[in-house]
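# I would like the atomic coordinates for the input below:
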Amino acid sequence: MTIQGLKLGKGGTRRLNKKLPTTGTPVNGANATSTLSMATKPTATNTVTIGTTVYTFVATPAAVGDVAIGALVANSQANLVAAINVGDDFNDPHPDVAVAAFAANDMVATAKVFGVAGNSIATTETFTASGNVFDEDTLLTGLAGTNGDDGDLMADATYLYFCMTGNVANTTAASWRRVSLGSAY
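The predicted model follows:
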């Protein structure tokens with residue numbers, strides 16, 4: 001079966017020159033994540049460690065790794081996010097992880113590398129408040145995706161899957177798209 005001129009995205013086209021789809025359900029890869037809960041303002045010398053980078057809460061930052069304790073927990077949260085993502089006077093952006101701003105006192109850390117490699121990034125903490133903790137000891141849920149070349153097709157009983165971009169172990173993007181097979185007509 002050959003399908004030509006299939007419209008994709010912003011006016012682009014793809015040419016599919018495959019005989020039949022491979023049977024199976026492909027998987028899009030995912031970045032590893034972990035969540036830090038911090039509902040209580042940290043105290044001096046409390047730490048957050050991501051990978052090999054240690055962030056230490058202090059009254060007045062003076063060295064690499066120092067993060068200012070704010071007047072409110074929200075200020076401390078914002079200072080930690082800034083130290084990890086953009087750096088500050090003492091910290092460079094974290095090389096392996098980016099974090100989202102705290103929402104409901106939770107901060108999600110996401111590996112910058114796609115797939116299972118992020119699952120080995122350690123996440124630990126030493127807080128005085130027992131509820132200020134990471135949900136896991138490492139980032140988790142990083143997932144290697146199904147290999148596919150540009151235009152590859154796969155099918156299962158419910159969907160036809162199309163690989164949008166050629167990839168190597170699907171390590172850089174969610175490459176697979178699906179179309180419901182629907183009912184026979």
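
# going forward, measure contacts between C-alpha atoms and count neighbours the same way
Noted.

# how many other residues sit next to residue 86?
Applying other C-alpha atoms under 10 Å, we find 12 residues neighbouring residue 86.

# Then residue 62?
Counted by other C-alpha under 10 Å, the residues lying close to residue 62 total 12.

# Next SSE downstream of the strand ranked longest in the chain?
The longest strand of the chain (DSSP state E) is strand 106-114. Using DSSP states H and E, the helix or strand that follows strand 106-114 towards the C-terminus is strand 123-126.

# Return the set of buried residues in that next one.
Of all the residues in strand 123-126, those buried under the rule 16 or more other C-alpha atoms under 10 Å are 123, 124, 125.

# would you turn these into TSV with distance to residue 30?
Converted to TSV, those look like this (distance: C-alpha to C-alpha, whole Å):
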residue	distance to residue 30
123	18
124	22
125	25
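
# Could you dump the residues you listed into TSV and include distance to residue 54 and pLDDT?
Output for the buried residues of strand 123-126, formatted as TSV (distance: C-alpha to C-alpha, whole Å; pLDDT from 0 to 100):
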residue	distance to residue 54	pLDDT
123	10	97
124	9	97
125	9	97
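
# Nearest to residue 162 among these?
Using C-alpha to C-alpha, the shortest approach to residue 162 within the buried residues of strand 123-126 belongs to residue 123, at 35.9 Å.

# Helices of this structure, start to end?
Under the criterion DSSP state H, helices of the chain are mapped to 73-85.

# need the strands for it, in chain order.
For the chain, the strands defined by DSSP E cover 3-8, 12-16, 22-23, 31-37, 47-50, 53-58, 66-68, 97-99, 106-114, 123-126, 133-134, 153-155, 159-163, 176-180.

# Please identify the most buried of the ones you listed.
Of all the strands of the chain, strand 66-68 has the most neighbours on average by mean count of other C-alpha atoms under 10 Å, namely a mean of 26.

# Give me the mean pLDDT for it.
In this model, strand 66-68 carries a mean pLDDT of 97.

# Please apply the same query to stretch 100-117.
Stretch 100-117 comes out at a mean pLDDT of 95.

# Please apply the same query to stretch 133-152.
For stretch 133-152, the mean per-residue pLDDT is 89.

# Buried residues, it. List them.
Within stretch 133-152, the residues that qualify as buried are 133-135, 137-152, counting by 16+ other C-alpha under 10 Å.

# What of stretch 59-72?
Neighbour-count burial for stretch 59-72 flags 61, 65, 66, 67, 68, 69, 70 (criterion: 16+ other C-alpha under 10 Å).

# and the end-to-end length of that stretch?
Taking C-alpha to C-alpha, to the nearest Å, stretch 59-72 runs 12 Å from one end to the other.

# now stretch 101-109
Stretch 101-109 has an end-to-end distance of 10 Å (C-alpha to C-alpha).

# contact partners of it?
With C-alpha atoms under 8 Å, 6 or more residues apart in numbering as the test, stretch 101-109 has contacts from 33-39, 77-78, 81, 97-100, 139.
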